[in-house]
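**Q** compute the structure for the input listed below.
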Amino acid sequence: MTKQNYTSEDSIKIFKALADPIRLEIIKYLNQLNHEESCGEIGQAMDISKTSGSYHFKILQEAGLITVHKIAREKYVKLDRPTFDYYLTHFWQNL
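**A** Below is the predicted model of the structure:
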């Protein structure tokens, strides 16, 4: 999803992703960080299984809410702040 080509389908993915309490907690957690963090570390901090974490990270990535990069066998994620800025003005103040 490029920032210049957002569609209504993108909006639907974003709001569906944010409608889940676990994904919303992941977003809150990531918002506190100024760096990438491994999916495993996030899962441990939030007490969710690896399988559950993988599912939620995939949905957040598909919605464009996080960026993911892989090093060896580990995935690292961080918020995609431009997506939040574009779609969710004042989102952080409402958490």
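**Q** quick check: which element contains residue 69?
**A** Using DSSP states H and E, residue 69 sits in strand 66-71.
**Q** give me the sheet partners of that strand and which way each runs.
**A** Applying DSSP bridges to the sheet, strand 66-71 is found paired with strand 74-79 (antiparallel).
**Q** thinking again about what came up before, buried residues in the strand holding residue 69?
**A** Of all the residues in strand 66-71, those buried under the rule 16 or more other CB atoms under 10 Å are 66-67. To be clear about C-beta, it is placed using only N, CA and C from the backbone, and glycine gets the same treatment.
**Q** and if you look at stretch 58-77?
**A** 59-61, 63-67, 75-77.
**Q** can I get the residues you listed in JSON lines with pLDDT?
**A** Shown next, in JSON lines, are these (pLDDT from 0 to 100):
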{"residue": "59", "pLDDT": "96"}
{"residue": "60", "pLDDT": "96"}
{"residue": "61", "pLDDT": "95"}
{"residue": "63", "pLDDT": "92"}
{"residue": "64", "pLDDT": "91"}
{"residue": "65", "pLDDT": "93"}
{"residue": "66", "pLDDT": "95"}
{"residue": "67", "pLDDT": "95"}
{"residue": "75", "pLDDT": "93"}
{"residue": "76", "pLDDT": "96"}
{"residue": "77", "pLDDT": "96"}
